[in-house]
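Novice: Sequence first, predicted model second:
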Amino acid sequence: MRIASFNINGIKARLPRLLEWLEETRPAVACLQEIKTQDEGFPAEEFAKIGYQAIWHGQKGFNGVAILADGVAPVEMQRGLPGDELDEQARYLEADVSGVRICNLYLPNGNPQPGPKFDYKLAWMDRLRRRCALHLAAEIPTVVLGDFNVIPEDRDVWSVSAMASDALMQPASRDAYARLLADGWTDAIATLNPRGGVWTFWDYQAGAWQRDHGFRIDHLLLSPDCADRMVAAGVDKAHRGREKASDHAPVWVELRI
DNA sequence: ATGTCTCCGAAACGGAGA
């Protein structure tokens, strides 16, 4: 069972590339971030035509997440991250698919830091940790995945100095990510690539893709039972190099059923 | 290299966000 995550940077602009990726790689579950559309604009029929059922949580212009499943309907368990009634940003969607709890997230970027956006990011990470801890306590087979906007370690970025002041690799961001992992989650790609050097994002600017100036911010976290069932994990890097590509590449993990 | 891409509103571009 392959479970994937893809920050598509606009579902309207990306639809042909997204459908192409789904048909070529055929993940059982595909979690999308930055759909950047209201609920009414979500192209559910286009996915139905190729056999995927979907749930989505949209927002005008920004953010927005969706969960697609091959041949089955995702059973929605949570819409929006709990813990702040005033937070209206569409960044979290949770569903059960074939006995696995899928927690799809688009974590706040947090730039510029310091500032209110960075404070929001750290508060959001605290709320995420609390939500995820419920699943661990209940021993629900769970995958927490998406665009975390956190570069976990120096080995996860092409240049530490170039990114030193960025919210994505501040000590506070990294500490919050490390605390989450320490609760019992396994970072799939990090576990299989302990020496680092794996990127999931390349900026559109300054020839970052051509120079391989990237970093790893899209993550797949596995509960203990899912970690035991991990067969492989990786990045669909070639899709970043296509025409009209997203600035992120898809990431995926394969679990033994 | 203030470099690029996507969205929106009202517009044939500029601002915001990343």
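Specialist: Alright, I've got the coordinates. Numbers count the residues shown, from 1 in each chain, chains lettered A, B, ... in the order given.

Novice: Could you list the residues of chain A in contact with DNA strand B?
Specialist: Proximity of chain A to DNA strand B (CB under 7 Å from any atom of the strand) is limited to residues A:9-14, A:36-38, A:41, A:60-62, A:108-109, A:111, A:117, A:204-207, A:244. Heads up, the C-betas are built off the backbone N, CA and C, glycines and all.

Novice: Which members of those are classed as buried?
Specialist: The neighbour count (16 or more other CB atoms under 10 Å) marks A:9, A:11, A:14, A:36-37, A:108-109 as buried among the residues of chain A next to DNA strand B.

Novice: of all those, which comes closest to residue A:2?
Specialist: Nearest to residue A:2 among those: residue A:14, at 20.1 Å, using CB to CB.

Novice: Phi and psi next, for the nearest residue in space to that closest one that is not next to it in sequence.
Specialist: Closest residue to residue A:14 apart from its sequence neighbours, by CB to CB, 6 or more residues apart in numbering: residue A:8 at 4.4 Å. Main-chain torsions, residue A:8, degrees, to the nearest 10: phi -90, psi -10.

Novice: Does residue A:8 touch residue A:18 like I think?
Specialist: Yes - Residue A:8 is within contact range of residue A:18, at 5.6 Å (criterion: CB atoms under 8 Å).

Novice: hey, what's in contact with both of these two?
Specialist: Counting by CB atoms under 8 Å, 6 or more residues apart in numbering, the common neighbours of residue A:8 and residue A:18 are residue A:32.

Novice: Could you pull up the contacting residues of the residue of the stretch 51-200 of chain A found nearest DNA strand B?
Specialist: Distance from DNA strand B to each residue of the stretch 51-200 of chain A (CB to the nearest atom of the strand) is smallest for residue A:61, at 3.3 Å. Residue A:61 makes contacts with residue A:36, as judged by CB under 8 Å, 6+ apart.

Novice: Can you check my assumption that it lies in a helix?
Specialist: No - under DSSP: H, G, I helix; E, B strand; the rest coil, residue A:61 falls outside any helix and is assigned coil.

Novice: Distance of it relative to residue A:119?
Specialist: 22 Å (CB to CB, to the nearest Å).

Novice: Equivalent analysis for residue A:35, please.
Specialist: Per CB to CB, residue A:35 is found 25 Å from residue A:119.

Novice: Which one's more surrounded, the two?
Specialist: More crowded of residue A:35 and residue A:119, by other CB atoms under 10 Å: residue A:35, with 29 against 14.

Novice: count of residues packed around the closest residue to the more buried one other than its chain neighbours?
Specialist: Closest residue in space to residue A:35, ignoring its immediate chain neighbours: residue A:64 at 3.7 Å, by CB to CB, 6+ apart. Neighbour count of residue A:64, defined by other CB under 10 Å: 28.

Novice: wait, isn't residue A:64 in contact with residue A:37?
Specialist: Yes - the criterion here is CB under 8 Å, and residue A:64 meets it with residue A:37 at 6.0 Å.

Novice: Which of the residues in stretch A:93-106 are classified as buried?
Specialist: Buried, per 16+ other CB under 10 Å, within stretch A:93-106: A:93-98, A:100-106.

Novice: The residues you listed: which two are farthest apart?
Specialist: Going by CB to CB, the pair spanning those furthest: A:98 and A:106, at 23.1 Å.

Novice: quick check, residue A:135 in a helix?
Specialist: Yes - checked against three-state DSSP, residue A:135 lies within a helix.

Novice: pLDDT at it, what is it?
Specialist: Note for residue A:135: predicted pLDDT of 98.
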